[in-house]
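A.B. asks: Based on what follows, work out the 3D shape:
(one chain, ligands or ions: 1)
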Amino acid sequence: MPFTLAPELHAQPTPFYHYDLGLLDATLTALQQAARPRNFQVHYALKANVNLPVLARIKDHGLGADCVSGGEVQRALEAGFAPEHVVFAGVGKSDAEIRLALAADIWCFNAESAEELAVLNELTGAQGRTARVALRVNPNVDAHTHAYITTGLEANKFGISLADLPAVVAQFSSWPHLELVGLHAHIGSQITDLNVFAELSQRLNELQTWLESQGHQLPHLNVGGGLGISYEQPDGQPIPDFEGYFSMFDRHLVRRPGQQVHVELGRAVVAQCGTLLSRVLYVKQSQSTRFAILDAGMTELMRPALYGSYHHIQNLSSTAPELLYDVVGPICESSDTFRKAVALPETRRGDLVAIRSAGAYGEVMSSGYNLREKVAAVYVGE
Ligand SMILES: *Cc1c(COP(=O)(O)O)cnc(C)c1O
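C.D. replies: This next block holds a predicted model:
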């Protein structure tokens, strides 16, 4: 279904984020229908979107929470996720964040270095507790996605490199307050070539066999997230290919009897249910270029400026013949451009514009640069 805005929302002050909770529900249903029969446990990566009505739906569908900061751990608990369904990853966990997660007794820390493990052991011991830990490895698998959202290569800061893993595992017995419960990898985001997940599975199979040879049986494997969505055709493919995704792991990942496999999806869950609505402030014609200047900019949706990423853009107010526009925001940066040479029906001041597939890594990255106000959110389909 193409995006339409309810008549009563046409008068809503812009810019604002519009969340379709009906589509979110349908996405979560499809996700669990693909995951549950294959016995995968899904954690939602909070960093994609932390709005409470969104989190409430996600929790109601039985997902756990994957957090990358103390603030996210707190938000997950506030949204009602049970501590035993919360995991905490991140290369730079502060002492305060670790203490907070320990106090909440979250299910697992995904640890990314020997240095972190030593601190985690010390802080855990000081509380007279034991912490469950999964080692986040850097499997050196190329996710074939944008360089800024690739995380599983040697050159990236994430995870324990394969070269360092033997030393970390050998050291593990010197950390009495840590219990090794699993292996974790997350190799990048917006992955559309599903073969990448087969390659990741094979790497994890090898690592698991090696860890067993070192005397470590792993009750859990965590394959991370990263499933991509269709930014080009949000209406043609509103729900990602969850079947293809899970069947890839099902076929290639070798599980031990009773072993639990976790995935951590963010973008694939929430991207398509969010749309950024904006009004055209001015249409400005220079010698070479026609600009549509919106009242939303990189302060509301940073992805195009940050990664050069594509979002489908629609003019909801015009059906005139199309012209080409550089669609830009009001912020004092040239990178504040949603896209150049966008074909839009002839556009005028006051037209409503929809920027699609903005539910993930959209509102969460909004900023107050230029002293912009916090962007509003509306929810439909409640
Ligand atoms: C960001 C992140 C995810 C989710 O990535 P998506 O591409 O949004 O699915 C999962 N796990 C970790 C550790 C992350 O940092």
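A.B. asks: Near residue 141, how many other residues are there?
C.D. replies: 21 (other Cβ atoms under 10 Å). Glycine gets a C-beta too; all of them are placed from N, C-alpha and C.
A.B. asks: what does residue 84 give?
C.D. replies: Residues near residue 84, counting by other Cβ under 10 Å: 11.
A.B. asks: pretty sure it contacts residue 104?
C.D. replies: No: between residue 84 and residue 104 there is no contact, the gap being 10.1 Å when judged by Cβ atoms under 8 Å.
A.B. asks: got any residues that touch both of those two?
C.D. replies: Counting by Cβ atoms under 8 Å, 6 or more residues apart in numbering, residue 84 and residue 104 have no common neighbour.
A.B. asks: Any idea how many residues pack against residue 80?
C.D. replies: Neighbour number of residue 80 under other Cβ under 10 Å is 12.
A.B. asks: What of the one 10 residues further on?
C.D. replies: Neighbour count of residue 90, defined by other Cβ under 10 Å: 20.
A.B. asks: This protein against the ligand: which residues are in contact?
C.D. replies: 45, 47-48, 66, 68, 89, 186, 189, 224-227, 264-268 (Cβ under 6 Å from any ligand atom).
A.B. asks: now the helices for the stretch 151-300 of the chain?
C.D. replies: 165-171, 195-213, 242-252, 267-270 (DSSP state H, counting those that start in this stretch).
A.B. asks: avg pLDDT for the third one?
C.D. replies: Right, the one you point to is helix 242-252. For helix 242-252, mean pLDDT is 97.
A.B. asks: got the angle between it and helix 195-213?
C.D. replies: Calculated by axes from the mean of the first three to the mean of the last three Cα atoms, to 10 degrees, helix 242-252 forms an angle of 40 degrees with helix 195-213.
A.B. asks: Show me what helix 242-252 is packed against.
C.D. replies: Counting contacts by 3 or more Cβ pairs under 8 Å, 6 or more residues apart in numbering; DSSP states H and E, helix 242-252 is packed against helix 21-35, helix 195-213, strand 260-265.
A.B. asks: residues in contact with the longest one?
C.D. replies: Spelled out, that is helix 195-213. Under Cβ under 8 Å, 6+ apart, the answer for helix 195-213 is 137, 139-144, 152, 162, 165, 169, 183, 185, 187, 191, 218, 221, 223-224, 245, 248-249, 251-254, 256.
A.B. asks: What's the ChimeraX line that selects buried ones from those?
C.D. replies: To isolate the buried members of the contacts of helix 195-213 in ChimeraX, using 16 or more other Cβ atoms under 10 Å:
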select :137,139,140,141,143,152,162,165,169,183,185,187,191,218,221,223,224,245,248,249,252,253
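A.B. asks: Narrow the contacts of helix 195-213 to those in strands?
C.D. replies: Among the contacts of helix 195-213, the ones falling in strands (DSSP state E) are 137, 183, 221.
A.B. asks: Tell me if I'm right that residue 127 and residue 102 touch.
C.D. replies: Yes: the criterion here is Cβ under 8 Å, and residue 127 meets it with residue 102 at 5.7 Å.
A.B. asks: Have a look at the two and say which one is more surrounded.
C.D. replies: More neighbours surround residue 102 than the other of residue 127 and residue 102, with 18 against 12 (other Cβ under 10 Å).
A.B. asks: ok, now which ones touch residue 261?
C.D. replies: 39-41, 220-223, 249, 253, 255.
A.B. asks: for the helices and strands packed on helix 242-252, which one ends up most surrounded?
C.D. replies: strand 260-265 (a mean of 23; mean count of other Cβ atoms under 10 Å).
A.B. asks: Quick one: mean pLDDT for that one?
C.D. replies: Across strand 260-265, the per-residue pLDDT values average to 98.
A.B. asks: Now do it against helix 242-252, angle only.
C.D. replies: 140 degrees.
A.B. asks: quick one, strand 260-265 and helix 21-35 angle?
C.D. replies: Using the same axes, to 10 degrees: strand 260-265 against helix 21-35 is 150 degrees.
A.B. asks: List the strands paired with strand 260-265, with their directions.
C.D. replies: Strand 260-265 has the following sheet partners, assigned by DSSP bridges: strand 40-45 (parallel), strand 220-222 (parallel).
A.B. asks: what sits up against the shortest one?
C.D. replies: Surrounding strand 220-222, the residues in contact under the criterion Cβ under 8 Å, 6+ apart are 87, 108, 110, 134, 181-185, 204, 208, 253, 255, 259-264.
A.B. asks: Find the least confident helix or strand in this protein, judged by mean pLDDT.
C.D. replies: Across the helices and strands of the chain, mean confidence by mean pLDDT, DSSP states H and E is lowest for strand 160-161: a mean of 92.
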